[in-house]
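>>> what's the 3D shape of this:
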Amino acid sequence: MSDAHTTAAGPVAWVDAALGCIARGERAVLALVTEHRGSTPRDTGSWMLISPDQALATLGGGELERTALEAGRAMLSGEGTWQRSIMRCVLGPDLRQCCGGTVELLLEPLAADAHGWLKTTQRAAEASNSGLVLFDKADPAKAPRVIASPSTAQENSADLHLQSLADPRSHLALFGAGHVGRALCAMAVQLPLRVSVYDSRSEQCALIIPAANITVVHVPDPADAAGVLATDSAVLIMTHSHALDYALCRAVLCRGPRHGYVGLIGSHSKAQRFRRALKKDGLAPAAIAHLTSPIGRQGPAGKEPGVIALNALVEILAQATARTDMPVSLPEQRASR
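Numbers count the residues shown, from 1 in each chain. Below you'll find the model as predicted:
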């Protein structure tokens with residue numbers, strides 16, 4: 001197997017990737033963190049897909065990831081048992097990894113016979129940002145299945161792992177595909193963000209490097225898009241025009257405190273001028289106070305595009321009300337076995 005390794009992947013990218021392997025006549029192994037205690041590289045719900053030519057996503061690197069890769073490769077080569085298996089790893093004594101916590105890994109073999117439940121999972125993930133995939137740790141022969149909520153699981157909760165299909169990443173609406181916007185997108189590829197870039201200049205849109213979590217939207221008037229953003233989106237305004245920047249600020253802030261973060265690039269004087277104009281236009285003081293400008297004031301000084309982008313991303317990640325893929329709590333239940 002090649003050592004090609006891709007770390008940037010959305011929370012349910014394993015479904016599409018696994019189906020791609022099957023379509024090519026290949027097999028794969030899904031490694032899931034089903035339990036973690038103490039200090040660990042990744043939390044419950046983290047995953048890595050091990051296919052014949054690469055590994056998609058990461059379990060945090062180090063000895064834990066090496067152990068999972070070796071186990072997955074053994075399954076793919078026929079040296080290991082081709083069935084669902086559980087590995088319990090004590091990171092200190094077992095793996096000489098200084099984190100010191102404990103991790104439970106589930107290894108799920110994926111071949112042609114998994115196509116049915118994977119397609120069902122894919123449809124569920126596309127239909128709504130919710131749902132769970134149930135893996136029975138006690139019965140390797142039982143195929144995973146999609147359920148709507150933990151309460152619909154009938155098995156003994158101690159024997160189950162529920163993998164969320166919800167996307168916990170924050171959404172950032174970025175207005176402006178200029179030099180700072182491009183630098184920000186290049187960094188965001190490795191971050192838990194979904195970024196939508198809006199710009200009226202097609203030539204600037206074309207300069208954004210494509211990525212799975214970056215969507216570029218060429219719009220004649222970006223202010224039109226500002227009025228219909230999802231309520232949980234963070235907003236960052238850095239266009240080529242002060243007039244457009246103001247129109248965007250006004251459109252976003254007029255919606256009330258819907259967004260966890262609203263940032264505007266520019267100097268202190270620009271920020272003061274905009275705040276005075278917003279007040280004159282009748283915006284409430286609370287709405288105006290929601291504007292962060294200048295952006296990135298707590299970060300390192302510098303006017304380079306990368307420094308500005310880095311500081312803005314730190315603010316956004318700190319302030320955005322991101323959901324997290326924490327382990328799903330199961331109700332206490334006892335079922336006949």
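
>>> what about the helices in the stretch 51-200 of the chain?
62-77, 115-127, 179-188 (DSSP state H, counting those that start in this stretch).

>>> Tell me which of those sits most buried.
Comparing the helices of the stretch 51-200 of the chain on average neighbours per residue, with mean count of other C-beta atoms under 10 Å, the densest one is helix 179-188 at a mean of 21. All C-beta spots, glycine's among them, are computed from the backbone N, C-alpha and C.

>>> so what does it touch, helix or strand wise?
For helix 179-188, the elements it packs on are strand 170-175, strand 193-199, helix 305-319, judged by 3 or more C-beta pairs under 8 Å, 6 or more residues apart in numbering; DSSP states H and E.

>>> between these, which gets nearest to residue 21?
strand 193-199 (24.3 Å; C-beta to C-beta).

>>> I would like the residues contacting the closest one, please.
Applying C-beta atoms under 8 Å, 6 or more residues apart in numbering, the set of residues contacting strand 193-199 from outside is 10, 167, 169-178, 181, 184-185, 188, 205, 208, 213-219, 222, 225-226, 233, 239, 313, 316-317.

>>> Next, the buried residues of the helix or strand just after that strand.
Using DSSP states H and E, the helix or strand that follows strand 193-199 towards the C-terminus is helix 202-205. For helix 202-205, a neighbour-count test (16 or more other C-beta atoms under 10 Å) marks 204, 205 as buried.

>>> Outside of helix 202-205 itself, list whatever touches it.
Helix 202-205 has contacts (C-beta under 8 Å, 6+ apart) with 177, 178, 197, 199, 216, 217, 218.

>>> Now the last one: closest residue in space, sequence neighbours ignored.
So the one you mean is residue 218. residue 205 (4.9 Å; C-beta to C-beta, 6 or more residues apart in numbering).

>>> For that neighbour, give its distance to residue 248.
Here the criterion is C-beta to C-beta, to the nearest Å. By it, residue 205 lies 17 Å from residue 248.

>>> and if you look at residue 280?
Applying C-beta to C-beta to residue 280 and residue 248 gives a distance of 17 Å.

>>> More neighbours: these two, which one.
Taking residue 280 and residue 248 together and counting by other C-beta atoms under 10 Å, residue 248 has the greater number of neighbours (27 against 8).

>>> how about whichever helix or strand that one is part of: buried residues?
For residue 248, the element it lies in under DSSP H and E is helix 242-253. For helix 242-253, a neighbour-count test (16+ other C-beta under 10 Å) marks 244, 245, 246, 247, 248, 249, 250, 251, 252, 253 as buried.

>>> before we move on, what about stretch 165-180?
Those would be 165-167, 169-180, for stretch 165-180 by 16+ other C-beta under 10 Å.

>>> out of those residues, which one sits closest to residue 152?
Within those, proximity to residue 152 (C-beta to C-beta) peaks at residue 165, which comes in at 14.0 Å.

>>> That closest one is in contact with residue 122, isn't it?
No: using C-beta atoms under 8 Å as the test, residue 165 is too far from residue 122 to be in contact (9.5 Å).

>>> can you list the domains in the chain?
5-164, 170-319 (automatic domain parsing).

>>> Confidence-wise, which of those is weakest overall?
When these are ranked by mean pLDDT, domain 5-164 comes last with a mean of 88.

>>> Give me the number of neighbouring residues for residue 12.
22.

>>> give me every residue that touches it.
By C-beta under 8 Å, 6+ apart, the neighbours of residue 12 are 121, 125, 165, 167.

>>> Tell me which residues touch the third one, please.
By C-beta under 8 Å, 6+ apart, the contact list for residue 165 reads 11, 12, 121, 124, 125, 129, 130, 131, 132, 133, 146.

>>> let's see it at 6 Å
12, 124, 125, 131 (C-beta atoms under 6 Å, 6 or more residues apart in numbering).

>>> go on, the last one?
Contact partners of residue 167, counting by C-beta under 6 Å, 6+ apart, are 11, 129.

>>> I'd like the distance between it and residue 10.
In terms of C-beta to C-beta, residue 167 sits 7 Å off from residue 10.

>>> ok, now the second one?
Distance of residue 125 to residue 10, computed by C-beta to C-beta: 10 Å.

>>> between the helices and strands packed on helix 179-188, which gets nearest to residue 77?
If you check each of the helices and strands packed on helix 179-188 against residue 77 by C-beta to C-beta, strand 193-199 wins as the nearest, at 36.1 Å.

>>> Show the pLDDT at residue 322.
On the pLDDT scale, residue 322 gets 40.

>>> got a list of what the closest residue to residue 71 other than its chain neighbours touches?
Leaving aside its chain neighbours, residue 71 sits nearest to residue 107 (5.9 Å; criterion: C-beta to C-beta, 6+ apart). Residue 107 sits next to 29, 31, 71, 85 when contact means C-beta under 6 Å, 6+ apart.
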